[in-house]
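*Asks:* From the sequence below, what's the structure:
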Amino acid sequence: MSVWIAIVVTAVGCYLLKYAGLAAPRRLLDHPAVRRFAMTVPVALLAALIALQAVAPDGPVELDGARLAGMGAAVAALVLRAPFLVVVVAAAGTTALLRAAGLG
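*Replies:* Prediction:
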């Protein structure tokens with residue numbers, strides 16, 4: 001039963017957090033510090049996700065060839081100013097193709 005309580009509390013918390021963002025006054029959202037924060041948070045979250053994927057749960061760095069090639073494809077797409085979805089697809093596709101070919 002405690003799992004269901006946790007699920008309901010989390011769902012209500014997520015809803016209230018989403019509502020707080022929608023109910024925020026426009027002048028608060030136009031503040032330069034808030035804009036700067038909103039621009040840097042996605043970059044930090046993406047970097048954290050990449051770091052978590054690059055390091056095994058036990059701690060040692062586990063960068064294989066396919067993973068490095070996928071990161072290289074993502075960097076190349078970013079340098080070419082591709083949209084974010086294209087960057088993700090390029091990285092995932094490169095990694096998947098190399099693993100399917102037995103090179104990863």
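*Asks:* SS state for the spatially most central residue of the chain?
*Replies:* What sits nearest the mean C-alpha location of the chain, by Cα atoms, centre = their mean, is Leu46, with 3.6 Å. Per DSSP: H, G, I helix; E, B strand; the rest coil, the local secondary structure of Leu46 is helix.
*Asks:* for this structure, what are the low-confidence residue spans?
*Replies:* Residues of the chain that meet the criterion pLDDT under 70 lie in 1, 54-59, 61-63, 104.
*Asks:* Break down it into its helices, ranges please.
*Replies:* Ranges of helices in the chain, per DSSP state H, are 2-23, 26-29, 32-54, 65-79, 84-100.
*Asks:* Pull out the buried residues from the shortest one.
*Replies:* Counting neighbours by 16 or more other Cβ atoms under 10 Å, one finds that helix 26-29 has no buried residues. In this view, the C-beta of every residue, glycine as well, is placed from N, C-alpha and C.
*Asks:* export it as CSV, just CAs?
*Replies:* Extracted in CSV, the C-alpha atoms of helix 26-29 (Å, rounded to 0.1, in the frame of the first residue of the first chain):
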residue,chain,number,x,y,z
ARG,A,26,5.2,36.8,-17.0
ARG,A,27,7.6,39.4,-15.4
LEU,A,28,9.2,36.6,-13.4
LEU,A,29,9.8,34.6,-16.5
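*Asks:* who are the neighbours in contact with the closest residue to Val87 other than its chain neighbours?
*Replies:* Closest residue in space to Val87, ignoring its immediate chain neighbours: Ala77 at 4.3 Å, by Cβ to Cβ, 6 or more residues apart in numbering. By Cβ atoms under 8 Å, 6 or more residues apart in numbering, the contact list for Ala77 reads Val86, Val87, Ala90, Ala91.
*Asks:* Mind giving me the PyMOL command for buried ones among those?
*Replies:* Restricted to buried positions by 16+ other Cβ under 10 Å, the PyMOL selection for the contacts of Ala77 reads:
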select buried, resi 87+90+91
